[in-house]
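>>> Below is the structure, and that's it, no one-letter string:
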């Protein structure tokens, strides 16, 4: 069996390819955000002014947008990850593939809307 | 006969004792660890996403965050588990990306990723401890 290194261009037309890209990109974004998240929260009790200044900064529209994208990335990574667990361990492949993809995309969109409306 | 990925992994993990099988066994353990932490994180992230909406509605402030975390001793325990799972899951994900997209693999990459994992664990637990103190 040939290992699947380097993705075949033909596979890019499939929705699962885009699910793979979203999972990777959201994973990288969340990983890069974690150290910043931990750093900001470490100041909550010892120097609350530092965290409050940081929170005030996040009200800047561009930062707010980046923050919203991160929250949506978290929802997308969760939905895509649960999809992968079902594909790998429950064997939801073939006919189920696109249905599960659609459910994952819908769950992400639903959460994004809920977050946007609650802000 | 086609085996499911989980069956292939289970067979590799069981293939203990054979020195030549070590890289495959290590890969199988990484695969399992990545999925086991994914399952834990799935539950944590559902709680986290709900908390985000609740916290934003209540108004985000240092005081509000500290009050919420200290309201119940289950919160620091929850966040400690969340941090530990993320500290394992994220570097394993980066490892696959470094290998497949950047061609970075081998001992040096693994050492950098292990240091990153320990940094995430320490930084995350320190943040939880700072909030719960």
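Sure thing, it's come through. Since this is a predicted model, take the numbers as computed values, not measurements. Numbers count the residues shown, from 1 in each chain, chains lettered A, B, ... in the order given.
>>> Contacts only, for the residue of chain B found nearest chain A.
Chain B approaches chain A most closely through residue B:62 (3.6 Å), counting by Cβ to the nearest Cβ. (C-beta placed from N, C-alpha, C; glycine too.) The contact partners of residue B:62, by Cβ atoms under 8 Å, 6 or more residues apart in numbering or on different chains, come to A:43-45, A:48-49, A:51-52, A:55.
>>> same deal with residue A:32?
By Cβ under 8 Å, 6+ apart, no residues touch residue A:32.
>>> And residue A:104, by the same measure?
With contacts defined as Cβ under 8 Å, 6+ apart, residue A:104 is in contact with A:19, A:76, A:79-80, A:82-83.
>>> Those residues also near chain B: which ones?
Among the contacts of residue A:104, the ones lying near chain B by Cβ under 8 Å from any Cβ of the partner chain are residue A:82.
>>> Would you mind listing which of the contacts of residue A:104 are buried?
By neighbour count, with 16 or more other Cβ atoms under 10 Å in any protein chain shown, the contacts of residue A:104 hold A:19, A:76, A:79-80, A:82-83 as buried.
>>> Tell me, what's the model's pLDDT at residue 46?
All of this refers to chain A. According to the predicted model, the pLDDT of residue A:46 comes to 81.
>>> hmm, I had chain B in mind actually
Predicted confidence (pLDDT) at residue B:46: the value is 98.
>>> Now for it, how many residues are close by?
Burial measure for residue B:46: 13 neighbouring residues, criterion other Cβ atoms under 10 Å in any protein chain shown.
>>> Report all helices and strands that the strand or helix carrying it contacts.
When elements are defined using DSSP states H and E, residue B:46 is found to belong to helix B:22-58. Helices and strands touching helix B:22-58, by 3 or more Cβ pairs under 8 Å, 6 or more residues apart in numbering or on different chains; DSSP states H and E, are helix A:61-85, helix A:97-118, helix B:5-14, helix B:62-70, helix B:74-102.
>>> tell me, which of these is the model least confident about?
Considering the helices and strands packed on helix B:22-58 one by one, the lowest average pLDDT is found for helix B:5-14, at a mean of 67.
>>> what's the burial count for residue A:18?
13.
>>> Show the pLDDT at it.
With respect to pLDDT, residue A:18 scores 91.
>>> Spit out the contact partners of it.
The contact partners of residue A:18, taken as Cβ under 8 Å, 6+ apart, number zero.
>>> Next, the angle from the helix or strand that contains it to helix B:62-70.
Element membership for residue A:18, per DSSP H and E: helix A:15-42. Here helix A:15-42 runs at 100 degrees with respect to helix B:62-70, directions being taken by axes from the mean of the first three to the mean of the last three Cα atoms, to 10 degrees.
>>> State the next helix or strand along the chain beyond helix A:15-42.
Under the assignment DSSP H and E, the closest C-terminal helix or strand after helix A:15-42 is helix A:48-57.
>>> For that following helix, which helices and strands make contact with it?
With 3+ Cβ pairs under 8 Å, 6+ apart as the test, helix A:48-57 has helix A:15-42, helix B:62-70 packed against it.
>>> Let me have these in a markdown table, adding distance to residue B:40 as columns.
Formatted as a markdown table, the entries for these read as follows, by distance: least, Cβ to Cβ, whole Å:
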| stretch | distance to residue B:40 |
| --- | --- |
| helix A:15-42 | 15 |
| helix B:62-70 | 19 |
